[in-house]
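[1] Return a 3D structure for these sequence lines:
(4 chains)
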There are 2 protein chains.
Amino acid sequence: MVTINDIAKEAGVAKSTVSRYLNNGSVSPKTKEKIDAIVKKRGYKPNTFARSLKAQKTNMIGVIIPRLDSPSTNEVLSGIDSKAYEKGFQLIITNANQETEREIEDIYTLAKQKVDGIIFLAKEVTSKHRKTIEEIDIPFLVLGQETKEIPSITHDDYGAGKKIAQHALDLGHHDFLYFTVSREDKAVGRDRYDGFYKEISRNSLAKVEMVETSFLMREAYNTAMIELKKSKATFIVGATDTIALAVMKAANDLKMSVPEDISIAGYGGYDLLSFMSPALTTVKYPYFTIGDLAIETLEKMILKEEVPHQQALENQLIIKETTKKFK
Amino acid sequence: MVTINDIAKEAGVAKSTVSRYLNNGSVSPKTKEKIDAIVKKRGYKPNTFARSLKAQKTNMIGVIIPRLDSPSTNEVLSGIDSKAYEKGFQLIITNANQETEREIEDIYTLAKQKVDGIIFLAKEVTSKHRKTIEEIDIPFLVLGQETKEIPSITHDDYGAGKKIAQHALDLGHHDFLYFTVSREDKAVGRDRYDGFYKEISRNSLAKVEMVETSFLMREAYNTAMIELKKSKATFIVGATDTIALAVMKAANDLKMSVPEDISIAGYGGYDLLSFMSPALTTVKYPYFTIGDLAIETLEKMILKEEVPHQQALENQLIIKETTKKFK
DNA sequence: TAATGTAATAGAACCGGTTCCAATATAATG
DNA sequence: CATTATATTGGAACCGGTTCTATTACATTA
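    Numbering: from 1, shown residues only, chains lettered A, B, ... in the order given. Modelled structure (predicted):
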């Protein structure tokens, strides 16, 4: 591999001159021309590592995601990627596989990599996380969960729950079954449900039954197969679109028809699912936007500019074919 | 940030001793103990950059993907990620956004980053690619497309096409409509279709109509809305599961019922789609496995061991609910 | 023409590690 | 106890860049 020394030697100048040529550029026109030619001829590419070593800046941003096979994660990632590309940041994406231990590990790994900043798609921010984040002392942004100590961008999960509740009440339902995930996940597991529950109970005496399942479709399906048989709810909510999809599949396999027998709604608004039939009623989250905003915010943090400690994004109820008036 | 010099000074030893402690470890027990304590106390983490600079090894693997929002890409990525994690490689994932120019750019960027190897999920390998790959001189593995010059792992796309054709003929159909993508994409656009077409025409006089569309569901849907109206085919194939899904949606919107009026099949076998109703007949590709195998192979290449120039993976026809005997 | 200012350049130090080599300390051997 | 082998260690060089400082070359002004 050709180095700056090779270029300098061949051009008959000091390597500092070549470096200057590569950067700010206080170089005479003819030297510039000479170096230009040699760089082109030899196909010289500066070694990013050596460069970062002194410059203390890598232009890399680390992203920690909980899983690789989630539509919402991918949409967020798309938003992050497109903005990062625009701004000339390189992404290092690490998958923590839903394990807290790996999350901590990944934070350290990225720190060693000397990334300029880290974006963390969190399911939960524990004190262990906080300790690690404080220790590495790198601009750090949390997505999807609110935290007192660390800047974050969140969705209005509570409001989303309320929106579905209002819709369900508008349709005249009064018997609900809600498939949620672990309450450890404050945003998805707690806020969405709480918003739904509070809104229902504030306006009616209706019954809300709640069952915990997992993000994995297979497990959600199994849970649904058991619960749907027992329940006489007419309006079902899944804590994510994929859970809702699994519930629909179960309903189908149990010969319950959607939305004739039961209505179903979810949260997410994934592109892929909008092509299903019947189309799912859902609360659409601006996943792409949150990714985009994340890079904007993180860049400011890197430049030591002021950023809002917490930003929340709005979402929107999309009424499609899986919900229907209670007969 | 604490450096090796700080540790050395505090321990009263040379930094080479600390370095040795960190690596091979020919260090006396009591020195070790002393350094141990200080490293722990100060929370010292070696700077990966400085380390890589001399060691000429980064333990990073670059992955270039065509898009972030494709289920197949994500499954491949999952496979790559899980194996890479197991082997202690760090992943740098870059998204080329389906643009050849960005692909080339990404190859250079990763080279500058001094990754140990690159995995390229290709839609096409042009001579421009080949030139770049040759130039950077880094272990390079192509996934999904066959190339003479560069090691690759591919799917049996031709065979997959044949399998769907056989299935369609077995069901007694004889009027086919095939939604494909650009023939520039040799694997998805050409081989799958060619396998299908050859098998059909080898066994019957049936008519195969072919229409080109895009990977994007929205576009595939629009194309399908136009073509389905004109066509009287009874068996429809989509070049990917997502295209097939878009076609199903169009059929649904045109009040054609699947599989009563028309049968539909795709390629992929994505997890998510297996939860749809009706479940899609498809050829299941071992996406996770290919990712896994990719890391295994690339590691050998990095260690300069011999690898097969080309490896092809088998796939499997999964008959579900969207295909039915021709009445 | 001498004096002064400015642009371009060379050289050295540095970033934070690894690695080679020589020096020293310790253990084993005769 | 002297000699030799082996284990530890310190110091210096190096990886490929950037950046600071001093020097040189050239142009401008009086």
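[2] how would you label A:Leu91: helix, strand or coil?
    Under the three-state scheme (DSSP: H, G, I helix; E, B strand; the rest coil), A:Leu91 adopts strand.
[3] for the residue nearest to A:Thr213 when sequence neighbours are not counted, what are its contacts?
    Spatial nearest neighbour of A:Thr213, chain neighbours left out: A:Thr223 (3.9 Å); criterion: Cβ to Cβ, 6 or more residues apart in numbering or on different chains. (C-beta placed from N, C-alpha, C; glycine too.) When contacts are counted by Cβ atoms under 8 Å, 6 or more residues apart in numbering or on different chains, A:Thr223 touches A:179, A:211, A:213-214.
[4] out of those residues, who's nearest DNA strand C?
    If you rank the contacts of A:Thr223 by distance to DNA strand C using Cβ to the nearest atom of the strand, A:Ser214 comes first, at 40.5 Å.
[5] ok so, going back, give me the three-state assignment for the residue nearest to A:Thr213.
    Under three-state DSSP, A:Thr223 comes out as helix.
[6] Now do it against DNA strand C, distance only.
    48 Å (Cβ to the nearest atom of the strand, to the nearest Å).
[7] What score does that residue have for pLDDT?
    pLDDT recorded at A:Thr223 is 98.
[8] and what of A:Lys327?
    At A:Lys327, the model reports a pLDDT of 81.
[9] Name the next helix or strand following the helix-or-strand element of chain A with minimal mean pLDDT along the chain.
    Using mean pLDDT, DSSP states H and E, the weakest-scoring helix or strand in chain A turns out to be helix A:48-55, at a mean of 83. Sequence-wise, the next helix or strand downstream of helix A:48-55 (DSSP states H and E) is strand A:60-65.
[10] What lies in contact with that following strand?
    A:73, A:77, A:80, A:84, A:89-96, A:103, A:106-107, A:110, A:113-121, A:295, A:298.
[11] Tell me which of those residues fall in helices.
    A:73, A:77, A:80, A:84, A:103, A:106-107, A:110, A:295, A:298 (DSSP state H).
[12] and which of those is nearest to DNA strand C?
    For these, the nearest to DNA strand C is A:Leu110 (15.1 Å; Cβ to the nearest atom of the strand).
[13] Quick check: closest non-adjacent residue to the closest one.
    A:Gly62 (3.5 Å).
[14] any idea where the helices of the stretch 101-250 of chain A begin and end?
    With DSSP state H, counting those that start in this stretch applied, the stretch 101-250 of chain A shows helices at A:127-136, A:157-170, A:192-203, A:217-230, A:241-253, listed in chain order.
[15] which of the residues in the fourth one are buried?
    Just to be clear, that refers to helix A:217-230. Buried residues in helix A:217-230, counted by 16 or more other Cβ atoms under 10 Å in any protein chain shown: A:217, A:220-221, A:223-225, A:227-228.
[16] go on, the first one?
    Of the residues in helix A:127-136, those scored as buried under the neighbour-count criterion (16+ other Cβ under 10 Å) are A:129, A:132-133, A:136.
[17] In the residues you listed, which has the lowest confidence score?
    Scoring the buried residues of helix A:127-136 by pLDDT puts A:Ile136 last, at 82.
[18] Cross-check the contact I'm expecting between that residue and A:Tyr108.
    Yes: using Cβ atoms under 8 Å, A:Ile136 makes contact with A:Tyr108 at a distance of 7.1 Å.
[19] quick one, phi psi at A:Ala233?
    Phi and psi for A:Ala233, reported as degrees, to the nearest 10, are phi -60, psi 150.
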